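> With the sequence up front, the predicted model follows.
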Amino acid sequence: MSYSFRSFAPGRVNLIGEHTDYTGGLVFPMALDLGITITGRVIPGELRAKSNNQSEPVHLRLPVEDLATVSPSWGRFLAAVLNRVPDSTGLDVEISSSLPSGGTGLSTSTALSCAFVLPLATTPDRPDDIDRLQLAKLVKAAEQDATGVETGIMDQLASLFGVAGSALMIDCHDLAITPVVVPDELQILIVHSGQERELVGSEYSDRREACYAAQEQIGPLRLATLSDVATLKDPTVRRIATHVVGDNARVRLMAAAFEASDLDLAAQILTEGHRSYADNFGASTATVEAMVAHLIAQPGIRAARLTGGGFGGSIVAFAEPGAQPNVDTWWTAAAPSAGANISWISDA
Ligand code: GLA
C-alpha cells in the first residue's frame, strides 16, 4: 500500500531567556499557530522539494556527501536532516510556510527541519510513536551541520513540545519542560522590526564565545550569581554574563507572574529583559530600538522586547486584549499552540 503524509511544525516566539540555552540556562518560548506544512511521499534515493516561498526547487541524489555543495542553499537544512536520520529513505515534498519570509527570529528553519524529520522518524502504522526529545537533539545537530552555527536547543524543543494555551519554561540543562498557562487577559503581539536577521554571519557566535569565556572563570552561568559575574575582569564578558544570569532569573519571575496573572509584573520583566538584551548583551540595533520605542508609545501596548537570536528580526509585545499595533511591517497576535504533528494518508 502507498501512503502520503502531511506534517506541520510551528515556529516559536521566545518571551524571555535569551542566549541562555547553550549554557544550560532557562528559556520561556511558546510555539505559534504559524509554521511549516509539508505534504509528500517517500521515494527511494532522492530528495525533491518545492516551497511556496522559495523560487528554486531542490533536487538531490542521496546520500549527500558535502552539504556545502547543495544548491539552492535552503536545501541544506533538508539534506542535513536526511544525513542525520539513520537509514533514511528519500522524500518528494511540497512545503508551505505561514511564517513571514525573510529573517524573522521566529525559528523558520527549525520549523522546516522539524516538519521534515517527522515523515523520516514515523511510519504510517505508528504516526504517534515519536521520541520528541531525541528528535529535538537530532534536528539541532542537523541545523548545525547546515549552518555551521552552534546554537542551543530552545527552538527545537519549542517546536516539538508546544502546548496550546501555554508558554514553556524549559531548563536547558536537564531539558525539563514545564508548560505555564498564558493569562487570558494578556495579548501577545509579534511585530517585525523591519530589519531581517540570519544566524549565519551574525554576532551570535561571538556572544556564545563570550559566555564560554565567562564560564571558564566563574563556572556554569546557569548557577552563577551577579556577585560571581562582578569578579569578571573583561568588561565585555562581564556585561554579557550579566545579561545571561539576569535572564535566567527573569524566566522564573515571568513564569510566576503568569501563574499569578500579574500583568504589570510580566510587563516590567519584559521591559527589563529588553534593556538587558540591548545594553548588556548588545543584541539590539537602531532599527529595533526605534520600533520598540514606537510600540510602547501606543495605547494598549504595555511592554516590548527584541525576541530571538538578536541583531534584527521580531519584537514581542505584551498588550491589552484587542490592541493593534500601528506599524508598516508584518505583525500578528500570537496564539500559543501545540507542537509538531504528522498524519499519514493511505493512497488506496
Ligand atoms: C537562536 C538559537 C537559540 C537561542 C536563541 C537566543 O534562536 O537558535 O538556540 O540561542 O537564538 O536565545
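On my side now, so go ahead.
> How is this structure partitioned into domains?
Here the domain assignment for the chain is 3-181+336-346, 187-334, based on automatic domain parsing.
> Hmm, residue 82 and residue 145 touching each other?
No: Residue 145 lies out of contact with residue 82 (CB atoms under 8 Å); the separation is 10.6 Å. Any C-beta I mention is one placed from the backbone N, CA and C, and that applies to glycine too.
> re earlier: same list (the domains of the chain) but as JSON lines, adding mean neighbour count and mean pLDDT.
Below are those laid out as JSON lines (neighbours: other CB atoms under 10 Å; pLDDT from 0 to 100):
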{"stretch": "domain 3-181+336-346", "mean neighbour count": "20", "mean pLDDT": "96"}
{"stretch": "domain 187-334", "mean neighbour count": "19", "mean pLDDT": "96"}
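> Look at residue 142 and give its secondary structure.
helix (DSSP: H, G, I helix; E, B strand; the rest coil).
> If we ignore the residues flanking it in sequence, what's nearest it?
Counting by CB to CB, 6 or more residues apart in numbering, the nearest residue to residue 142 once its immediate chain neighbours are dropped is residue 80, at 4.0 Å.
> Please apply the same query to residue 27.
Nearest residue to residue 27, sequence neighbours excluded (CB to CB, 6+ apart): residue 17, at 3.7 Å.
> so who does the one you found touch?
By CB atoms under 8 Å, 6 or more residues apart in numbering, the contact list for residue 17 reads 25-29, 154, 247-248, 250-251.
> correct me, but residue 309 touches residue 203?
No: counting by CB under 8 Å, residue 309 does not reach residue 203; the two are 9.3 Å apart.
> got any residues that touch both of these two?
What both residue 309 and residue 203 touch, as defined by CB under 8 Å, 6+ apart, is the set residue 283.
> sorry, back to before: also within reach of the ligand: list those from the contacts of residue 17.
residue 154 (CB under 6 Å from any ligand atom).
> What residues does the stretch 51-200 of the chain have near the ligand?
Checking the stretch 51-200 of the chain against the ligand by CB under 6 Å from any ligand atom, the hits are 151-152, 154-155.
> Name every strand pairing with the longest strand belonging to the chain and say which way it goes.
The single longest strand within the chain, with elements called by DSSP state E, is strand 29-43. Note on strand 29-43: by DSSP bridges, its sheet partners are strand 3-14 (antiparallel), strand 90-97 (antiparallel).
> Looking at the stretch 201-348 of the chain, which residue is nearest the ligand?
residue 309 (3.2 Å; CB to the nearest ligand atom).
> Ignoring the adjacent residues along the chain, who's closest to that residue?
Closest to residue 309 by CB to CB, 6+ apart is residue 204, at 5.3 Å.
> Might one say that the one you found is in contact with residue 308?
No: taking contacts as CB under 8 Å, residue 204 lies outside contact range of residue 308: 10.1 Å.
> can you give me the helices in the stretch 201-348 of the chain?
With DSSP state H, counting those that start in this stretch, the ranges of helices along the stretch 201-348 of the chain come out as 204-218, 226-230, 235-259, 263-275, 286-296.
> Please, which helix or strand holds the nearest residue to residue 258 once chain neighbours are set aside?
Spatial nearest neighbour of residue 258, excluding adjacent residues (CB to CB, 6+ apart): residue 180 at 5.1 Å. Using DSSP states H and E, the element containing residue 180 is strand 176-181.
> Adjacent strands (with direction) for that strand?
With DSSP bridges as the test, strand 176-181 pairs up with strand 166-171 (antiparallel).
> Just the C-alphas of the partner strand, formatted as CSV.
Only the C-alpha atoms of strand 166-171 are listed here, as CSV (Å, rounded to 0.1, in the frame of the first residue of the first chain):
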residue,chain,number,x,y,z
SER,A,166,0.8,27.8,27.3
ALA,A,167,4.3,29.0,27.1
LEU,A,168,7.1,26.5,28.1
MET,A,169,9.6,27.1,30.8
ILE,A,170,12.5,24.9,29.7
ASP,A,171,15.5,24.1,31.8
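> sorry, back to before: in contact with the residue nearest to residue 309, which residues?
149, 151, 309-311.
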